[in-house]
Each structure stands twice: as structure tokens, then as C-alpha cells.
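S.K.: here is my input, please return the structure:
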Amino acid sequence: MAADTLTRKTARIRTLLEQRLKLRGPTLEQQAGKVGRSLPRGVLRDLRAVVRADVAQGHPRLARMVDAKSVGLAADRVETYLRGVDPTQELITRLLRRLAAVAAVGICGFIAAVWWFWSQGQI
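M.R.: Modelled structure (predicted):
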């Protein structure tokens, strides 16, 4: 893969990460560091391969060691996945997960309070 092809693919991935997942950063490497668990394991592995190739592109000897075909396929898989992500749905999912965590803590607190009162003989 020519360096310009990898550069174009990484630019598209950076744009998609910023638009779809709201991940900002000056480089793809920093954006990928912020991904966390928001991507499936296989897509995250492909993203890391693209980041490694992007970093190696800046070094003449390391650039020759990059497997162009596999990096190109990995970049395509990441791009395909990111195009299918709906930003509104991601926001709703994050909100619902946070509300579920708060509800779980509230339920555990209620159970603990009822148990405490029962053990003291007040119920």
C-alpha cells in the first residue's frame, strides 16, 4: 500500500471517529487510545494495526515492514464498522447505561437499609 493510500484511509478513520464516537485528538493514535470499550474486540484489534502502520509510516525502515494488504483490509473493516455507527443511538445507549448503574446502586442501598432495619428488629 502506498503511503498516500494509508494516509487517506487514516484520515477517513479519524474523521469517522470524531463524527460518530465524538473522539477528538490531534493524531489517530491519541484518538484510538480514547476508544475504550466502545468498539468490538475485532474492530479494536484492526484499529490498533492501522495505528501501528500509521506510526511506522513515519520511519523509513519500519515503513518497509508493514504488510500493506492486511493493513488495508483492517482499515476497510474499521471504516465499514464506523460508518454503521449511529451517533444518536450511541448517546442514548450511554445515557441508559448510566441510568441503569444509578438504579442498581439505589436498589442495593434500599436492600441494605431494609436488611439493617430488619436485623435491628424495627421491621
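S.K.: what is the helix ranked longest in the chain packed up against?
M.R.: Taking DSSP state H as the criterion, the chain has its longest helix at helix 87-120. Helix 87-120 sits against helix 3-21, with contacts defined as 3 or more CB pairs under 8 Å, 6 or more residues apart in numbering; DSSP states H and E. All C-beta spots, glycine's among them, are computed from the backbone N, C-alpha and C.
S.K.: quick one: the helix or strand just after the helix it packs on to chain centroid distance?
M.R.: Sequence-wise, the next helix or strand downstream of helix 3-21 (DSSP states H and E) is helix 28-33. Centroid displacement of helix 28-33 relative to its chain, using CA atoms, centre = their mean, to the nearest Å, is 10 Å.
S.K.: which element is the residue positioned nearest the centre of the chain on?
M.R.: What sits nearest the mean C-alpha location of the chain, by CA atoms, centre = their mean, is residue 35, with 2.9 Å. Secondary structure from DSSP H and E places residue 35 outside every helix and strand.
S.K.: do you know how far it is from residue 45?
M.R.: For residue 35, the distance to residue 45 (CB to CB, to the nearest Å) stands at 11 Å.
S.K.: report all helices and strands that the lowest-mean-pLDDT helix or strand in the chain contacts.
M.R.: Within the chain, no helix or strand scores below helix 60-63, which has a mean of 86 by mean pLDDT, DSSP states H and E. Secondary-structure packing of helix 60-63 (3+ CB pairs under 8 Å, 6+ apart): helix 41-57.
S.K.: elements contacting the helix it packs on?
M.R.: Against helix 41-57 (3+ CB pairs under 8 Å, 6+ apart) you get helix 3-21, helix 28-33, helix 60-63, helix 68-83.
S.K.: thank you kindly, that will do.
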